[in-house]
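In: predicted coordinates and the sequence they were generated for:
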Amino acid sequence: MRLLIIRTSAMGDVALLAPVLRSMEMQYPDNEMILVTRPVFAPFFYSFSGVKLFLVDFNKRHNGLTGIFRLRSDLNKEGKFDFVIDLHDVMRSRILRGLFSISGVPVKSIRKGRKEKRYVLTGKSKVLLKHSAERYYDVFATAGFPLKKAEGPWIIASTDAQKRAAVLLKEKELIQIGVAPYAKHDLKMWPESSMIRLMEMIARHTKVRFWLFGGKEETPQLLDLQNRIPESVLVAGTLSLDEELALISGLKFMISMDSSNMHMAALSGTKVISIWGGTDPLTGFGAWQQPDEFAIRIPVEELTCRPCTVYGKGKCRRDDLACMNWLTPEMVFDKLINLKIL
C-alpha cells in the first residue's frame, strides 16, 4: 500500500512526525510512505528507508491555488496512492486532500483539539491534553494502522554528519551542553540576562562547553552571547541541519526554550531541559518522551494566567512577563543539580 502523508510546517511539528513514521516503518514494512514536506526538513528523515520525500516548492512551482493543482499533478506522476493522510489540516492541505478525495482516494486528517486548547487558555481546564505526536498516531489508527510507539532515538543524522560532530565533541573532559536561548515569540523567551547568569553558574560548577543553537536570524544575538561566555561556541549558521542534529545527539543535555531545538533534542535521544513561559506542555507540545520534571515553569496554580497562548503569539496581559521573570537562574540551576544532570 502507498500512503501519501502531508505535513509541510512548522519545524517542530514536522520533526514530531519521526516517532510515528519510525513506528510505521517497523510495523508495516511493506507499505511505502511518500511524505510531502519542505526541502529544509529533509534531514529529519535521512535515516528512514520506508519514507520517500516529495519536496514542495511553495515559493514558485507550488505557490498559490494554481500551485496546489500543479502539486496534485506532480504527485500523480509518482504513481497511484491508496490513502492520503493529512497531518496538517490547513487550507492548502485541505484543498490538496480534497482533490484526491474527488478522485476516489480515501482520506484521513488530524483532529487538532482546538476547542480543548481554548479551554486550557481560558482557565476552564488545566488538564494535560493529548500530545501532537499522539494526534498523529491517532490519524494512522483511524486509517487502519494502529501503532505501538517505537523507541528512540527517532531522528538519526547521516554518517558523515556524525563523523563531523565526533570531531567537534572530541574534548571528552568537558561536559557538552547545548543552549537554545531564543524563541520566535516574546512569550516563549527567557530574559537573556537570566540565561547568561545560568551559564556562568554552570561554568563555575564544572568544566563545560556550551553550544549555541538558534535560527539564522538569531545569529547576531548568538555571536554577542558567544563573546560574553568564553566557554561557548556558535552553532547557528555554521553547520547544516543534518550536522546540527548529529551534534545534538552527542550532547549531555540541551537547555532550550519551547522551540524547534527542544523537539530536535528530544527526538535525537538527548535530554532536554525546557523553559516555559506563556506556553505550557499542557497544550500538547512538550518535548517528546521527556520526563515532566525536565519542563521548568511556574506552576499554573501559582500563576493562573498561564498558559495564555498555544504557540507563543500575543502580548503579556499583565505587562510584566511574570511567567518568565519569576523563573530565576538560581531556580533552574538548582533544578539541574537536583535532577543530577550536572
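Out: It's in. Numbering: from 1, shown residues only.

In: what pLDDT, on average, does stretch 44-57 get?
Out: The pLDDT scores in stretch 44-57 average 97.

In: distance between the ends of that stretch?
Out: End-to-end distance for stretch 44-57, by Cα to Cα, to the nearest Å: 18 Å.

In: same question for stretch 310-325.
Out: Start and end residues of stretch 310-325 are separated by 19 Å (Cα to Cα).

In: which residues touch the closest residue in space to W326 that isn't next to it in sequence?
Out: Among residues not flanking W326 along the chain, I298 sits closest, at 5.2 Å (Cβ to Cβ, 6 or more residues apart in numbering). For the C-beta atoms, the positions are set from N, CA and C on the backbone; glycine is no exception. Applying Cβ atoms under 8 Å, 6 or more residues apart in numbering, we find I298 in contact with 306, 322-323, 326-327.

In: state the helix or strand in which I298 lies.
Out: In the assignment (DSSP states H and E), I298 maps to no helix and no strand.

In: now do it, the pLDDT please.
Out: Looking at I298, its pLDDT reads 98.

In: now list the buried members of the contacts of I298.
Out: 306, 322-323, 327 (16 or more other Cβ atoms under 10 Å).

In: for I255, state which of the residues you listed is nearest.
Out: Taking Cβ to Cβ as the measure, I255 lies nearest L327 of the buried ones among the contacts of I298, at 12.3 Å.

In: per-residue confidence at the closest one, what does it come out as?
Out: pLDDT at L327 comes out at 98.

In: distance check, it against Y137.
Out: 32 Å (Cβ to Cβ, to the nearest Å).

In: for Y28, same thing?
Out: On the measure of Cβ to Cβ, Y28 and Y137 end up 13 Å apart.

In: over to E192?
Out: 37 Å.

In: of the two, who's got more company?
Out: Neighbour comparison, E192 and Y137: the larger count goes to Y137, with 20 against 14 (by other Cβ atoms under 10 Å).

In: what's the neighbour count on V107?
Out: V107, neighbours per other Cβ under 10 Å, totals 17.

In: ok, now which ones touch it?
Out: V107 touches 83-86, 97-98, 100-101, counting by Cβ under 8 Å, 6+ apart.

In: tell me the bridge partners for it.
Out: Beta bridges link V107 to V84 when assigned by DSSP bridges.

In: tell me how many other residues surround L16.
Out: By other Cβ under 10 Å, neighbour count at L16 equals 26.

In: that one against L267, yeah?
Out: Yes: look at L16 against L267 with Cβ atoms under 8 Å: they come within range, at 7.3 Å.

In: so for those two, which residues contact both of them?
Out: Among the neighbours of L16, those also in contact with L267 (Cβ under 8 Å, 6+ apart) are W288.

In: do I have it right that P181 meets M195?
Out: Yes: shown here, P181 and M195 form a contact pair, counting by Cβ under 8 Å, at 4.5 Å.

In: what is in contact with those two at once?
Out: Listed as contacting both P181 and M195 by Cβ under 8 Å, 6+ apart are 225, 255.

In: wait, doesn't K188 sit right on S259?
Out: Yes: using Cβ under 8 Å, K188 is in contact with S259, at 6.9 Å.

In: more crowded one of these two?
Out: In terms of neighbours (other Cβ under 10 Å), S259 is the more surrounded of K188 and S259; the figures are 25 against 22.

In: so what's the residue nearest to the more buried one when sequence neighbours are not counted up against?
Out: Spatial nearest neighbour of S259, excluding adjacent residues (Cβ to Cβ, 6+ apart): A183 at 4.8 Å. By Cβ under 8 Å, 6+ apart, A183 lies in contact with 189, 257-259, 312.
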